[in-house]
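Student: no sequence on this one, just coordinates:
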């Protein structure tokens, strides 16, 4: 298991009042592999990404469990060492590139900052690297883009810039948090293709957070289905779509639109399925009883 | 088409482009809709699909006359409403209802749900038997009558959208504009809201324009569809025919870009996907 790029074991996170928001989550991502985290709002999928990147909001505390990045237990490191390890080995592709970029600064310095200020690259080297990545994400006029302010670029173009920035420092793991949710469907396809290509070429492990089972089917090799912070099902993507085991996974699939079979799709989730889930969660919470007993 | 509810010819809308405005000069006009011709059949759900900037929401707003067209003609229920003044539109407002994308911002936070449903009833001369009408509207969308006492922040996203539907349908309108009403919702909630709208549209014989960026959703709900791009209609017709044999390359591109929830290892590399 030490071969994993990312290894999360038994991770529980709690609010100040003790409510669990992640419920003993375990998952791993092998080097160069794409794992999708799929679920509806409140499933905890983004929160897992935040826990890995060490950017959980202060109201949420990790109560139990370990996160290992290439074998190193992040929780065992002093905070400064932890931050520099995370900074060097991971990157984020966010959902909304407009809020992720500083509106009052040009694209160029925003992209090189991470390399020069955090990773202490020389600026000529950083410039060269960024131009190389812009070429890889098929930005044809890199000089113009680097000179632009974020609002001067289209949504798809901004997302390309952030993808380039994420891959620039050759991270071992990228967390992509709903990176195509705000995009038009034709742009989404281009961006998914780009992420898949770069991920393959660079051999980067990818934790891909999404609510869309359609996107899961196209981008990932492994899938974790979440509900209310609990892993409901885990499988390789082919098995998940061929034979979903959990009733919630099946209900999610039936609720997902499918233009090839409109009448069998967009089915509302049965109340019995939700009641079953609520019972499973209550059971898990009873047997948990807080960290260390 | 025999007696459609809407007959639209040469519809054009131009709005000032504020990004190009000089300090004292007038902003240049930008053409949002470039001469659209179409009809909306009665008692039927028509999908209007397009990507951002296609003009689909502007088209919806022109239909319910929230904006006045710069050119062309909109005929609603046999009457030319293209340039009617607000006081002339007032008696028609009851029949031109809207459901919005984000009920969080379209429902007043300081009013109870019952007040929110009551307001348009009072405005449109249906203020008699208010309590009964509100209760009926809530029941119709699958909410308990007690929800009338709640405020919007006490409801989930799906419940809020049900209130949006209840508010529009309480007036028994002839026409409902639904603009991206499920795009902020989870898939399971989305399915519930669509099933509800489908059922009510059939029961009440509503004419609905369902604006969406999602062709899969339109495929399920709508009888016919209008595909828009850059302010123009690229293709329109019966939904089955459109999916069986899309005529315009852009329609084909739109359909091909939808990621189906099934394994297809070559999908990402398949054209058309301009990269």
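Tutor: Done, it's in. Quick caveat: nothing in here was measured; it's all calculated off a predicted structure.
Student: give me the low-pLDDT residue ranges for chain B?
Tutor: Within chain B, the stretches with pLDDT under 70 are B:1, B:272-275.
Student: For it, just list every one of the strands.
Tutor: Taking DSSP state E as the criterion, chain B carries its strands at B:6-16, B:29-40, B:45-49, B:71-76, B:79-80, B:96-99, B:175-179, B:207-212, B:224-229, B:232-238.
Student: Surely residue A:57 forms part of a helix?
Tutor: No - with DSSP: H, G, I helix; E, B strand; the rest coil as the criterion, residue A:57 is assigned coil and is not in a helix.
Student: what's the neighbour count on it?
Tutor: 9 (other Cβ atoms under 10 Å in any protein chain shown). Using the backbone N, CA and C atoms, a C-beta is placed for each residue, glycine as well.
Student: So it versus chain B, what's the distance?
Tutor: Relative to chain B, residue A:57 is positioned 20 Å away (Cβ to the nearest Cβ, to the nearest Å).
Student: list the contacts for that residue?
Tutor: Shown in contact with residue A:57 (Cβ atoms under 8 Å, 6 or more residues apart in numbering or on different chains): residue A:50.
Student: Could you measure from it over to residue A:105?
Tutor: Here the criterion is Cβ to Cβ, to the nearest Å. By it, residue A:57 lies 25 Å from residue A:105.
Student: what comes up buried for stretch B:69-86?
Tutor: Residues of stretch B:69-86 classed as buried by neighbour count (16 or more other Cβ atoms under 10 Å in any protein chain shown): B:69, B:72, B:74-77, B:81-82, B:84.
Student: from the residues you listed, which single one is nearest chain A?
Tutor: Among the buried residues of stretch B:69-86, residue B:69 lies closest to chain A (Cβ to the nearest Cβ), at 25.8 Å.
Student: on that earlier part again, make CSV out of the strands of chain B and add distance to residue A:266.
Tutor: Shown next, in CSV, are those (distance: least, Cβ to Cβ, whole Å):
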stretch, distance to residue A:266
strand B:6-16, 26
strand B:29-40, 23
strand B:45-49, 14
strand B:71-76, 30
strand B:79-80, 36
strand B:96-99, 18
strand B:175-179, 15
strand B:207-212, 12
strand B:224-229, 16
strand B:232-238, 19
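Student: Turn those into JSON lines, including distance to chain A.
Tutor: Conversion of the strands of chain B to JSON lines gives the following (distance: least, Cβ to the nearest Cβ, whole Å):
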{"stretch": "strand B:6-16", "distance to chain A": "19"}
{"stretch": "strand B:29-40", "distance to chain A": "16"}
{"stretch": "strand B:45-49", "distance to chain A": "10"}
{"stretch": "strand B:71-76", "distance to chain A": "27"}
{"stretch": "strand B:79-80", "distance to chain A": "35"}
{"stretch": "strand B:96-99", "distance to chain A": "18"}
{"stretch": "strand B:175-179", "distance to chain A": "15"}
{"stretch": "strand B:207-212", "distance to chain A": "10"}
{"stretch": "strand B:224-229", "distance to chain A": "10"}
{"stretch": "strand B:232-238", "distance to chain A": "13"}
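Student: mind checking which of those is nearest residue A:109?
Tutor: The closest of the strands of chain B to residue A:109 is strand B:29-40. By Cβ to Cβ, the value is 32.1 Å.
Student: elements contacting that closest one?
Tutor: strand B:6-16, helix B:56-63, strand B:71-76, strand B:232-238 (3 or more Cβ pairs under 8 Å, 6 or more residues apart in numbering or on different chains; DSSP states H and E).
Student: pLDDT below threshold where in the stretch 1-150 of chain A?
Tutor: Scanning the stretch 1-150 of chain A for pLDDT under 70 picks out A:1-2.
Student: in it, what residue is nearest chain B?
Tutor: For the stretch 1-150 of chain A, Cβ to the nearest Cβ, closest residue to chain B: residue A:40, 4.0 Å.
Student: Mind listing what's buried along stretch B:87-101?
Tutor: Across stretch B:87-101, burial judged by 16+ other Cβ under 10 Å covers B:92-101.
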